[in-house]
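A.B. asks: coordinates only, sequence not included:
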């Protein structure tokens, strides 16, 4: 049974590494086709990519029989030329269009959209990138622009655009402010993103309207337009380190943060992608991808030093105790649960068996449940007249736990303090203030004290009134 559990744990770790290294974007290079393109506007042949608007993005591939669609000479003009960055083809979108005619308009930009292989996880860091190259057409009315970006959505997004309009989405990465004019090479657009949770679709295009887009044109005529080739779309989670790593009896372990072509800085000062550790503690790595900084953290536990399971303890009835297994692994509690934690509210002996790659560990605790009353009694009347009967005001505490009085104070009806005692002193008041007998009447008292359970103080406050009769 133990060998089977260990095998399952190893397979789980390997699967986690595979998921971590996975590009969440399907068909990222637009090379897997349902059919070779034979006309413009067929980006959907690179399934599951589709148009996100009434525009008609193109698909170019070396398998096409149409010379206009066949790479590397694919494009809208005889001068068009670009070698795929990878694979056998690429997508092609219009990214700028200043035609202000409403008739037949598809907006300022075309957009391509695809579902992610898995939803993005809230709070997790991701690295995103894609590559673009402007169409090379120096003898025509084409030009160059800056704005091209990637947006994310939790639902499939589609909108019919009007003239010069852009999708009202905020790109999570974007090239903006620098016009892209390099038609020979591929320009990378990249960045980091912390997921809001449940992002399921990626959309690429120009999310700025015509007036917001920087332009640079050659031989300008009207209308001005610009097209980008799109290649190698990547969305990859940065989560190389396990949440917890075990050092089996202090043996050395490796932490591998290897991620694409990043450079690294560990909390230990090491700058390699892989480090060897021999001590428990909290380890953090930063991976630098251009201007992007990704971080991940791991808690390293030495199985010889685990002390987080509580010792025998006393709890109050109606206040359940949460017991958390102090090591990761497969769990078996004495009361039958196989979860990582349980809640107990009854007296008894509890234990958990934890099986992991380091072996089997047993943690136990005895829990005692009691009625946890802490009753405070302060008389509401006393008569400090010297007859030896009820001459002193005393406070009586009946508590099932240790306690400590922090302060006891009395005030007259005008709010003036007439009595107080130092911390921990016995409470006995004779009805005087500054050795002068106080008149009959009602006085307000405050009692602040700590109830101490399992070594932990819990602050309490009581108040009431007492009447002096003489």
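C.D. replies: That came through fine. Everything quoted here is computed from the prediction, not taken from an experiment.
A.B. asks: can you tell me the SS state at the closest residue to residue 217 other than its chain neighbours?
C.D. replies: Using Cβ to Cβ, 6 or more residues apart in numbering and skipping residues adjacent in sequence, the residue nearest residue 217 is residue 143, 3.2 Å away. Placement of C-beta: from N, CA and C, glycine included. Assigned state for residue 143: strand (three-state reduction, DSSP: H, G, I helix; E, B strand; the rest coil).
A.B. asks: residue 143 contacts residue 214, correct?
C.D. replies: No - the criterion here is Cβ atoms under 8 Å, and residue 143 misses it with residue 214 at 10.5 Å.
A.B. asks: could you list the low-pLDDT ranges of the stretch 201-350 of the chain?
C.D. replies: 218-222, 308 (pLDDT under 70).
A.B. asks: okay, which residue is most central for this protein?
C.D. replies: Centroid-nearest residue in the chain: residue 123, 1.8 Å away (criterion: Cα atoms, centre = their mean).
A.B. asks: mind listing what that one touches?
C.D. replies: 194-195, 197 (Cβ atoms under 8 Å, 6 or more residues apart in numbering).
A.B. asks: any idea how far it lies from residue 295?
C.D. replies: Distance of residue 123 to residue 295, given as Cβ to Cβ, to the nearest Å: 12 Å.
A.B. asks: thinking again about what came up before, now the residue nearest to residue 217: how far from residue 134?
C.D. replies: 9 Å.
A.B. asks: next: residue 127.
C.D. replies: Applying Cβ to Cβ, the value for residue 127 to residue 134 is 24 Å.
A.B. asks: also residue 327?
C.D. replies: Counting by Cβ to Cβ, the gap from residue 327 to residue 134 is 56 Å.
A.B. asks: more neighbours, the two?
C.D. replies: Between residue 327 and residue 134, residue 134 has the larger neighbour count (other Cβ atoms under 10 Å), namely 23 against 20.
A.B. asks: the more buried one contacts residue 226, correct?
C.D. replies: Yes - Residue 134 is within contact range of residue 226, at 6.4 Å (criterion: Cβ under 8 Å).
A.B. asks: now do the shared contacts for these two.
C.D. replies: Common neighbours of residue 134 and residue 226, counting by Cβ under 8 Å, 6+ apart, are 144-145.
A.B. asks: who has more neighbours, residue 143 and residue 214?
C.D. replies: For residue 143 versus residue 214, neighbours defined as other Cβ under 10 Å are more numerous around residue 143 (20 against 15).
A.B. asks: before we move on, back to that, let me have the contacts of residue 123 in CSV, extended by neighbour count, pLDDT and distance to residue 186.
C.D. replies: Shown next, in CSV, are these (neighbours: other Cβ atoms under 10 Å; pLDDT from 0 to 100; distance: Cβ to Cβ, whole Å):
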residue, neighbour count, pLDDT, distance to residue 186
194, 12, 95, 27
195, 18, 96, 26
197, 11, 92, 32
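A.B. asks: tell me the domain ranges of the chain?
C.D. replies: The chain breaks down by automatic domain parsing into domains covering 24-237, 243-297, 313-370, 374-468.
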